[in-house]
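Structure for the following, please:
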Amino acid sequence: GIYDSAFWREDLPVAYEHTAFTSIEKIEKIATNKGYRLTSTKKPVLNYSVDEINLDKETNALAANNVSIKYSEGTTTSYKYDTEDKLFYRSVNGVVHKDYITKKQYTAKNIIVTYVSNGLIADDAKGRQELNNIGSGDGYYITNGYAIPIKWKKESRTAQTVYSKIDGTEIDVNDGNTFIQ
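Next comes the predicted model:
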């Protein structure tokens, strides 16, 4: 509809909702035409560190070489840590999760797991889930083969989520891809 010029579709053998692509140039053009600002007034979602963060000496640190996150009876995402390149390699339901175009397996330097309550969206015929991520809860920050327990807090739908260590100190994360699950 109104945003058709902001993206294009590729003819791919995947579900229709996974065939839309865009570019920074297209996004900036639409934003400029609509009078939106092109810089953020908010602080970054995460505090990325230029110095390597190792969690192995942190209080309550757990070894996390194999991470498994069960979403439902039908979906489990897992990560296997590679000590040589210091990255986690992603799989879904036991199958390597690869980028459709590059054929490379997805990797992450950081994984943040948050526990939120969820349930079916009322009157939704497709069975979609509603995630209740307003408030606060527990989670884990995982990097370099270790995990520490964390707390998350989100005050409103438009507020940023803040991730903190158990002592209340906001976490810093390693430079690199981050999956928030």
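
so who does the spatially closest residue to S156 that is not a sequence neighbour touch?
In space, and not counting its chain neighbours, S156 is closest to I134: 6.5 Å by C-beta to C-beta, 6 or more residues apart in numbering. (C-beta placed from N, C-alpha, C; glycine too.) By C-beta atoms under 8 Å, 6 or more residues apart in numbering, the residues touching I134 are K154, E155, S156, R157.

can you name the two of the residues you listed that are farthest apart?
Farthest pair in the contacts of I134 (C-beta to C-beta) is E155 and R157. Separation: 9.3 Å.

And these two? Which one has more around it.
When E155 is set against R157 and neighbours are counted by other C-beta atoms under 10 Å, the residue ahead is E155, at 12 against 7.

Backbone dihedrals for that one, both of them.
phi -80, psi -30 (degrees, to the nearest 10).

If I look at it, what pLDDT would I see?
E155 is assigned 97 on the pLDDT scale.

gap between it and N133?
Per C-beta to C-beta, to the nearest Å, E155 is found 11 Å from N133.

Which secondary structure element is home to the residue in the chain sticking out farthest from the centre?
If you look at how far each residue of the chain sits from its centre, by C-alpha atoms, centre = their mean, the farthest one is N33, at 29.6 Å. Taking DSSP states H and E as the criterion, N33 maps to helix 24-34.

Moving C-terminal from that helix, which element do we reach first?
strand 47-49.

residue ranges with poor pLDDT in the protein?
Residue ranges of the chain with pLDDT under 70: 1-4.

Let me see the contact set for F21.
Here F21 is in contact with F7, W8, R9, E10 (criterion: C-beta under 8 Å, 6+ apart).

same thing with I148?
Contacts of I148 (C-beta under 8 Å, 6+ apart): L55, E58, T59, N60, A61, L62, Y140, Y141, K165, I166.

Quick one: the contacts of F21 as a markdown table, columns for neighbour count too.
A markdown table is the format used below for the contacts of F21 (neighbours: other C-beta atoms under 10 Å):
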| residue | neighbour count |
| --- | --- |
| F7 | 14 |
| W8 | 12 |
| R9 | 10 |
| E10 | 11 |
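
Which one of those is nearest to S117?
F7 (32.5 Å).

ok, the closest one - contacts?
So F7 contacts A20, F21, T22, K26 (C-beta under 8 Å, 6+ apart).

So for the third one, what's the nearest residue that isn't a sequence neighbour?
With C-beta to C-beta, 6+ apart as the criterion, T22 has its nearest non-adjacent residue at 4.3 Å, and that residue is F7.
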